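1. just a sequence and a predicted model for now, questions to come.
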Protein chains: 2
Amino acid sequence: MNPSGSTDAGSLEAMVRQVIGHQDGSRFVEILPQLSDDLNEVDAVIQEALRSTYPFLTEAANYATASGGKRLRPLVILVVYRGLTSDATKPVHPLAAAFQLIHTASLVHDDLIDHAPLRRGKPSVHEAFGLPTAIVAGDYLFVRAFQLAGRYSPEVIQRCGDASADLALGEVMQENSRFDLSIDRERYLRIVTLKTANAIAAGAEAAAMVARAEPRVIRSLGEYGQALGIAFQLKDDALDMYGESDVTGKPLLSDLREGLPTLPSILAYQRLSDREREEFERLFTLRHKRQAHLLRLKELCDTAGVREPVEREAEKWVATAIEALHAIPPSPFRDLLEAVASGSIQRKV
Amino acid sequence: MNPSGSTDAGSLEAMVRQVIGHQDGSRFVEILPQLSDDLNEVDAVIQEALRSTYPFLTEAANYATASGGKRLRPLVILVVYRGLTSDATKPVHPLAAAFQLIHTASLVHDDLIDHAPLRRGKPSVHEAFGLPTAIVAGDYLFVRAFQLAGRYSPEVIQRCGDASADLALGEVMQENSRFDLSIDRERYLRIVTLKTANAIAAGAEAAAMVARAEPRVIRSLGEYGQALGIAFQLKDDALDMYGESDVTGKPLLSDLREGLPTLPSILAYQRLSDREREEFERLFTLRHKRQAHLLRLKELCDTAGVREPVEREAEKWVATAIEALHAIPPSPFRDLLEAVASGSIQRKV
């Protein structure tokens, strides 16, 4: 999605379909025009926020946002807001834009740290613009995000900040767990919560705050966002092992290559025989791996039979997310949030 | 200054003396206890803000802030505020802490970009903690700064954000001017304004806003901060060429080494004979310079006689800064702001 383009109901439907997977999307037809307008407005807010007196920086920042992606975060924020209020006096678009920019900023810096050459099939920002510009463009995206969040109540600003601090925390924890197969499911989930889930939870909560929802509803939407985020990341990590590169737009087995322990490799390490475990660890901790090493690591994951328990774990979080939605009144918006949760683990991209 | 230590009036006086240079500091004796308390409070706010659930990140962030420095930015904010109001209902300490954290965040990322091995005589953050942690710690410092700024009015938050965006803009512009001797005084001043001066101006303005000053006074303090910042950076760039390494805590001639054009090298390039200019450009644009190259570049700057015009330029900005102070009523605080401006170009560190 090019930010200068516009999202009509048709392309939004395709986007929603990407997020909800194979589920029937026809029941959302009546709310798509509203959400389509909302997403266009979010894009306009982002573009306006990234304008600067120095075109080169604007170009790098736009490049980072233009790579599009599923736009899960702004979508969740918009759907939560529309599901809770029909009052349009306090617009939610700058909030959705802020969370999308924070997400984009963290991706720019994470790709740099993880030496990721590609993001959604295109060269990552540091590949396209160099390390200095990638660092600064990430900072710039963070700053503009906070200026947008600065339009809301101190409570919303703090929520937005805590989520961003958690992103940083999660990234450092992940970095320090590199090549460490002794981390367990709990620690992995803690990193995922900090790196992915808390920002989605904070977005959902902040949207509910802006919609003046009751504290109980705000809390439940936070639980929804957190569980959705964990399910989403579990699926992302599974796609890195079992997906198709030309569909995901990223090289496969990158977590194994970079020595980042995710649930598949953590479970494999726990389940393999002593001899196989030794081989797994030796290959996993190699700083430079050849393709044969990666394929052998994946083979050992298959030997350990980790795919099914990883899928079960993700399904459990989807159920938690859907359960949390009972706190809000039924509506097509709530149905869409439910479909987003179910779709988070059905997707191929 | 260790953030866990405390600033008593004696050590504050030493700090003030560092900022005001050889001027008589005895006339500020009556306001030092107040400012000493204020700076301790700012340190406490910073420490509280940097606390996290993951000690490693807190450690890196504290390391970055603990390297101390002159703390020019919080000092200016505190002195402006105390000079304008005796009302203590809206404390200024989180604001001063926010600007100090923004400054620290930008130093962490700039040192990384500039390959700076040292900061104030100690290994820079990326040297001490590695690139991933340096990137993330910088982000974390930015985020915590914005959470602190989030306690003030939307106007103050926006000012804080614009200054941070300018830091990013200035860094990219500087990066793109690397090895480019064709940039002129105006472009150099534009970069300095974005990278250094605007954040000091924004701090002074924001402090005046929090003190509920009139728009005219806010504007004048912005002019003061901007001119002070330019003078300060001109002196920093001069110290890189003419300072003493064991006093500044940084290796000398680092701008020449990194191919960053500053006023001395820009003027040298303009003033040298054709033959010397050619040699200057050839050496300046070398990616890897030996010590002999650096010494020859400095020699050519001396041949061109650039030291005196650089000093004149800095003095001009000091005069502008002091002129802007006429907008506020006379007080020991105003005297201190004036002494800070005069001292900005007398210092050796």
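-> Received it, and whenever you're ready, just let me know what you need.
2. ok so residue A:178 is a helix residue?
-> No. According to DSSP: H, G, I helix; E, B strand; the rest coil, the state of residue A:178 is coil, so it is not within a helix.
3. ok, now how distant is it from residue A:55?
-> Separation of residue A:178 from residue A:55 (Cβ to Cβ, to the nearest Å) stands at 37 Å. C-betas here are computed from N, CA, C, even on glycine.
4. so those two - more neighbours on which side?
-> Set side by side, residue A:178 and residue A:55 show more neighbours around residue A:178, with 14 against 10, by other Cβ atoms under 10 Å in any protein chain shown.
5. go ahead and flag the most central residue of chain A.
-> Nearest to the mean C-alpha position of chain A, counting by Cα atoms, centre = their mean, stands residue A:196 at 5.6 Å.
6. what distance do you get for that residue to residue A:229?
-> To residue A:229, residue A:196 is 5 Å away according to Cβ to Cβ.
7. ok, now residue A:325?
-> 15 Å.
8. more crowded one of these two?
-> residue A:229 (28 against 20).
9. quick one: residues contacting the closest residue in space to residue A:116 that isn't next to it in sequence.
-> In this structure, residue A:116 finds its nearest non-sequential neighbour in residue A:124, 5.3 Å apart by Cβ to Cβ, 6 or more residues apart in numbering or on different chains. Contacts were defined as Cβ atoms under 8 Å, 6 or more residues apart in numbering or on different chains; by that measure residue A:124 touches A:108, A:111-112, A:116-118, A:134.
10. can you tell me the element the closest residue to the residue nearest to the centre of chain A other than its chain neighbours falls in?
-> Distances taken as Cβ to Cβ, 6+ apart place residue A:233 nearest to residue A:196, at 4.3 Å, with adjacent residues excluded. Using DSSP states H and E, the secondary-structure element containing residue A:233 is helix A:215-242.
11. how far away from the center of its chain is that helix?
-> The chain centre lies 9 Å from the centre of helix A:215-242; the measure is Cα atoms, centre = their mean, to the nearest Å.
12. and it, what other elements does it pack with?
-> Applying 3 or more Cβ pairs under 8 Å, 6 or more residues apart in numbering or on different chains; DSSP states H and E, one finds that helix A:215-242 contacts helix A:72-84, helix A:185-192, helix A:198-210, helix A:254-258, helix A:263-271, helix A:307-324, helix A:332-343.
13. mind listing what's buried in the next helix or strand after it?
-> If you walk from helix A:215-242 toward the C-terminus, the next helix or strand you reach (DSSP H and E) is helix A:245-248. Of all the residues in helix A:245-248, those buried under the rule 16 or more other Cβ atoms under 10 Å in any protein chain shown are residue A:248.
14. what's the distance between the most far-flung residue of chain A relative to its centre and residue A:37?
-> Outermost residue of chain A with respect to the C-alpha centroid, by Cα atoms, centre = their mean, is residue A:275; its distance is 36.3 Å. In this view, residue A:275 and residue A:37 are 60 Å apart by Cβ to Cβ.
15. can you get me a residue count around residue A:182?
-> Using other Cβ under 10 Å, residue A:182 has 11 other residues around it.
16. for residue A:139, same thing?
-> Using other Cβ under 10 Å, residue A:139 is surrounded by 26 other residues.
17. what sits against the closest residue in space to it that isn't next to it in sequence?
-> Residue nearest to residue A:139 in three dimensions, not counting chain neighbours: residue B:168, with 4.9 Å by Cβ to Cβ, 6+ apart. Residue B:168 makes contact with A:57, A:136-137, A:139-140, A:143, according to Cβ under 8 Å, 6+ apart.
18. any idea of the mean pLDDT for the helix holding residue A:233?
-> When pLDDT is averaged along helix A:215-242, the result is 96.
19. also stretch A:23-42?
-> Taken as a whole, stretch A:23-42 has an average pLDDT of 85.
20. give me the buried positions along it.
-> Within stretch A:23-42, the residues that count as buried by 16+ other Cβ under 10 Å are A:23, A:25, A:28, A:31-32, A:35-42.
21. re the thing from before, buried residues of the helix holding residue A:233, list them for me.
-> For helix A:215-242, the buried set under the neighbour-count rule, 16+ other Cβ under 10 Å, comprises A:217-242.
22. which residues in the stretch 1-150 of chain A form helices?
-> Remark: helices of the stretch 1-150 of chain A, listed N- to C-terminal, are A:9-20, A:32-50, A:55-66, A:72-84, A:93-113, A:125-129, A:131-149; assignment by DSSP state H, counting those that start in this stretch.
23. so which residues on the stretch 1-150 of chain A come close to chain B?
-> Counting by Cβ under 8 Å from any Cβ of the partner chain, the residues of the stretch 1-150 of chain A close to chain B are A:52-54, A:56-57, A:60, A:105-106, A:109, A:112-113, A:131-133, A:135-140, A:142-144, A:146-147, A:149-150.
24. pull out the buried members of these.
-> Taking 16+ other Cβ under 10 Å as the criterion, what is buried in the residues of the stretch 1-150 of chain A next to chain B is A:52, A:54, A:56-57, A:60, A:105-106, A:109, A:112-113, A:131-133, A:135-140, A:142-144, A:146-147, A:149-150.
25. for chain A, what are the low-confidence residue spans?
-> A:1-15, A:17, A:21-22, A:67-68, A:89 (pLDDT under 70).
26. residues in contact with residue A:177?
-> Contact partners of residue A:177, counting by Cβ under 8 Å, 6+ apart, are A:183, A:187, A:191, A:260-261.
27. from one end of stretch A:251-264 to the other, what's the distance?
-> Using Cα to Cα, to the nearest Å, the span of stretch A:251-264 from its first residue to its last is 17 Å.
28. next one: stretch A:16-25
-> From its first residue to its last, stretch A:16-25 covers 8 Å (Cα to Cα).
29. how big is the angle separating whichever strand or helix holds residue A:172 from helix B:32-50?
-> Secondary-structure element containing residue A:172, defined by DSSP H and E: helix A:154-176. In terms of direction (axes from the mean of the first three to the mean of the last three Cα atoms, to 10 degrees), helix A:154-176 departs from helix B:32-50 by 60 degrees.
30. in helix A:154-176, what's buried?
-> A:156-176.
31. before we move on, back to that, go through the contacts of residue A:124 and give me the one with the most neighbours.
-> Neighbour tally across the contacts of residue A:124 (other Cβ under 10 Å): the maximum, 30 neighbours, falls on residue A:108.
32. I'd say it and residue A:136 touch.
-> No. Residue A:108 sits out of contact with residue A:136 when judged by Cβ atoms under 8 Å, with a separation of 9.8 Å.
33. can you count the residues close to the closest residue to residue A:23 other than its chain neighbours?
-> Setting aside the residues directly before and after it, residue A:23 is nearest to residue A:339 in space (Cβ to Cβ, 6+ apart), at 5.2 Å. Taking other Cβ under 10 Å as the criterion, the count of residues near residue A:339 is 23.
34. returning to that earlier point: what inclination does the helix or strand that contains the residue farthest from the centre of chain A have with respect to helix A:263-271?
-> In this structure, residue A:275 sits in helix A:274-284 according to DSSP H and E. Helix A:274-284 runs at 140 degrees relative to helix A:263-271, counting by the same axes, to 10 degrees.
35. now the element after helix A:274-284, going C-ward?
-> The first helix or strand that comes after helix A:274-284 along the chain, using DSSP H and E, is helix A:291-303.
36. return the set of buried residues in that next one.
-> Using 16+ other Cβ under 10 Å as the burial criterion, the residues of helix A:291-303 that qualify are A:293-294, A:296-298, A:300-301.
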